[in-house]
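Student: My questions are about this predicted structure, shown below with the sequence.
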Amino acid sequence: KNAVSAGFALLKGDQASAMKKGKDAAEFFMGKKNDQNSDKKFDEDKMIQVRGTLAEVIQFSGCKDEQTSADAQIGGEATGACSYAFINAFKKYGKNQTYTEVLRNVREFLHGKYTQVPQMSTGLKMNMNAPFIM
């Protein structure tokens, strides 16, 4: 119930209620009492243990963990190679891309110019063929 309420609150733009309901839902799923009046501290260690998150977090990284993300001089200005590739993936292919397509297009732009391989990770399981939203 709280997870659904959190989603609706987020859709309505009420981030404070969404976070509260999301926290309550997480506590419920972790086996804690679902007491609306409880002031118990949120169990962050448990969330780390189950590798969960209350928010939809999507991260693009410039490279694999064992690599270094390159700085570049492009058009006479210092910039990150991956940041530049990310921007150009949208300039070349437009806004209507899936998460998989964005990652592939960023990698394509860097391929042959840099050894780094951009990565993407998410805080929740998601459909990577869904439209990219920012």
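Tutor: Alright, I've got the coordinates. Just so it is clear, the structure is predicted and the values come from calculations on it, not from any experiment.
Student: Distance check, residue 105 against residue 112.
Tutor: 14 Å (C-beta to C-beta, to the nearest Å). Every C-beta, even on glycine, is put in place using the N, C-alpha and C of the backbone.
Student: And those two? Which one has more around it.
Tutor: With neighbours defined as other C-beta atoms under 10 Å, residue 105 and residue 112 compare such that residue 105 has more, 18 against 7.
Student: quick one, what contacts the nearest residue to the more buried one once chain neighbours are set aside?
Tutor: Leaving aside its chain neighbours, residue 105 sits nearest to residue 89 (3.9 Å; criterion: C-beta to C-beta, 6 or more residues apart in numbering). Going by C-beta atoms under 8 Å, 6 or more residues apart in numbering, residue 89 touches 97, 102, 105, 106, 108, 109.
Student: Next step: the residues you listed restricted to helices.
Tutor: Under the assignment DSSP state H, the contacts of residue 89 contribute 102, 105, 106, 108, 109 to helices.
Student: OK, contacts around the last one?
Tutor: What that stands for is residue 109. 84, 85, 88, 89, 92.
Student: and which of those is nearest to residue 16?
Tutor: residue 89 (34.2 Å; C-beta to C-beta).
Student: That closest one: which element?
Tutor: helix 81-93 (DSSP states H and E).
Student: which parts of that helix are buried?
Tutor: Neighbour counts using 16 or more other C-beta atoms under 10 Å place 81, 82, 83, 84, 85, 86, 89, 90 of helix 81-93 among the buried residues.
Student: Could you export those to a markdown table, including columns for pLDDT?
Tutor: Output for the buried residues of helix 81-93, formatted as a markdown table (pLDDT from 0 to 100):
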| residue | pLDDT |
| --- | --- |
| 81 | 94 |
| 82 | 94 |
| 83 | 93 |
| 84 | 94 |
| 85 | 95 |
| 86 | 95 |
| 89 | 96 |
| 90 | 96 |
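Student: Of those residues, just say which sits nearest to residue 62.
Tutor: Nearest to residue 62 among those, with distances taken as C-beta to C-beta, is residue 82, at 3.5 Å.
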